[in-house]
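**Q** Please work out how this folds:
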Amino acid sequence: MPDLTNPSALLRSLFETAIDAANPIRAVGANLPSPPRGRTVVIGAGKASIQMAMAVEAAWKGPLAGFVVAPHGYPSSLKHIEALFGGHPVPDEGSLAAAERALALAGTLKPDDLLIALISGGGSALMTKPAPGLSMADKLAVTSALLKSGANIAELNCVRKHLSAVKGGRLAAAADGARIHTLILSDVPRDDPTIVASGPTVPDPTTKADALEIVQRYRIALPASVRQWLESADDAKPVTAANNDIRVIVSPEVSFQSAIARAKESGLEVLYLGDRIEGEAREVAKVHAALALHIRQRNAPVRKPCLILSGGETGVTVRGDGRGGRNVEFALALAIALAGEKGIHALAGDTDGVDGLEKVAGAIVTPDTLERARNRGLDPMAYLERNDAHSFFEKLGDQVITGPTQTNVNDFRAILIEA
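**A** Take a look at the predicted model:
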């Protein structure tokens, strides 16, 4: 039998295993291109961009130039590739400066030059420049409303691309014939390279009409300039380089397989639901709770003790004014649905270490979560309705805090069911 004397510690160790497996250092080194006759320039954006750039510096033979942009507060020891910083999840002046600098630098490249693009989750906010005629304020208003609407990442980034001067292949188009080598660390379901960071160097299959349909479906109020832009007939695709090698080098599957192996080594059976789960976080939590309760009571479809694992990127329709995020919302809704069932523990966390706007990865759920909350005068359902799960778990001391992990392969959900 596995040692389950400290279920929360075991869950945290599995989360750490998943994060460690997503470290891009090894994958970048194994996927670098041949040197060009001309210059080698690096442009990167995302939460893993500094780590990816470090791997390039360690493995590259020859001169390097360029920069990557990461969230404020991320540490950097880069020597040849400059580290810039921008706002996430809300873009700021650093994000705009990074986008303008990327387009300008790409515009200097010649056919004998090489652009190495290092792309990871978070890049959409970190490298932002509105399309011609749009203001940053207008673009932020639309994307902020979508973030609160429950739209999934593919829908959100489709709109972002069509309001952008750098996303949707436009950075590649600016490189004007240079060889491009795009390395992607995926944080999205199905590992679609057009979605990660809104695909600044990847050809975009969507249209303005697609973006307009999304904002209409979610009833997003559009500034006049945005509506005019999306309704305009001009929907010419940016011409991206024919010699653009696009590689997804790290994906959520790698992280989950590492966590599965670790769980099995600990003596647990594992039911892996995949890394493509989307939907409203609290509704996904209800389904996970129902499955966990079935296993607890019927010992099927896997035998106890066991672990349910799942990934993907859920959404939250924000109705309250609390401090929330999709992982803590899932965790709180799960605790409510489990109703204190003994022998079930869970962890939900974002592999980048930030859930919502908080520098908190997620939260732990234990069989006595609801009891401890009520003993402190906390109403779990009221916190859920206010989208205030960060406050709830903070008061219980059940937050999962990792600090910046410098990687990002979407969400990690683990439910441990004792014998």
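**Q** any chance you could read off phi and psi for residue 178?
**A** phi -70, psi 160 (degrees, to the nearest 10).
**Q** Could you report the neighbour count for the nearest residue to it once chain neighbours are set aside?
**A** Closest residue to residue 178 apart from its sequence neighbours, by Cβ to Cβ, 6 or more residues apart in numbering: residue 109 at 3.7 Å. The C-beta positions use only the backbone N, C-alpha and C, and glycine is treated the same way. By the criterion of other Cβ atoms under 10 Å, residue 109 has 23 neighbours.
**Q** any chance you could map the strands in the protein?
**A** For the chain, the strands defined by DSSP state E occupy 40-45, 65-71, 82-86, 114-120, 179-185, 244-250, 269-272, 306-312, 344-350, 362-365, 399-400, 411-417.
**Q** list the helices and strands the shortest one packs on?
**A** Identification of packing neighbours for strand 399-400 by 3 or more Cβ pairs under 8 Å, 6 or more residues apart in numbering; DSSP states H and E yields strand 362-365.
**Q** Residue 169 contacts residue 199, correct?
**A** Yes. Residue 169 lies in contact with residue 199 (Cβ atoms under 8 Å); the separation is 6.3 Å.
**Q** can you tell me which helix in this protein is longest?
**A** Under DSSP state H, the helix in the chain containing the largest number of residues is helix 281-298.
**Q** buried residues in it?
**A** 281-282, 284-285, 288-289, 291-293, 295-296 (16 or more other Cβ atoms under 10 Å).
**Q** Equivalent analysis for stretch 202-209, please.
**A** So for stretch 202-209, counting by 16+ other Cβ under 10 Å, buried means 202-204, 206, 208.
**Q** Out of those, name the ones that lie in helices.
**A** residue 208.
**Q** Return the member of the buried residues of stretch 202-209 nearest to residue 32.
**A** residue 202 (18.5 Å; Cβ to Cβ).
**Q** Tell me how many other residues crowd residue 353.
**A** If we define neighbours as other Cβ under 10 Å, then residue 353 has 22 of them.
**Q** From residue 341, how far off is it?
**A** 29 Å (Cβ to Cβ, to the nearest Å).
**Q** Please apply the same query to residue 143.
**A** In terms of Cβ to Cβ, residue 143 sits 39 Å off from residue 341.
**Q** before we move on, what about residue 56?
**A** Distance from residue 56 to residue 341, by Cβ to Cβ: 48 Å.
**Q** Tell me which of those two has more neighbours.
**A** Neighbour totals were compared for residue 56 and residue 341, and residue 56 leads with 23 against 15 (other Cβ under 10 Å).
**Q** So that one is in contact with residue 28, correct?
**A** Yes. Applying Cβ under 8 Å as the test, residue 56 and residue 28 come out as touching, 6.2 Å apart.
**Q** Common neighbours of the two, please.
**A** residue 118 (Cβ atoms under 8 Å, 6 or more residues apart in numbering).
**Q** Next, count neighbours for the closest residue to residue 192 other than its chain neighbours.
**A** Nearest residue to residue 192, sequence neighbours excluded (Cβ to Cβ, 6+ apart): residue 154, at 7.1 Å. Residue 154 has 17 neighbours, counted by other Cβ under 10 Å.
**Q** Relative to residue 188, how far out is residue 154?
**A** Going from residue 154 to residue 188 by Cβ to Cβ gives 7 Å.
**Q** what's the answer for residue 32, then?
**A** 23 Å.
**Q** out of those two, which sits in the busier spot?
**A** Comparing residue 32 with residue 188 by other Cβ under 10 Å, the one with more neighbours is residue 188, at 27 against 16.
**Q** Enumerate every residue touching that one.
**A** Applying Cβ under 8 Å, 6+ apart, the residues near residue 188 are 121, 153-154, 195-196, 313, 410.
**Q** Could you pull up the residues touching the nearest residue to residue 181 once chain neighbours are set aside?
**A** Once flanking residues are discounted, residue 181 sits nearest to residue 33: 4.2 Å by Cβ to Cβ, 6+ apart. Contact analysis of residue 33 by Cβ under 8 Å, 6+ apart lists 114, 116, 179, 181, 245.
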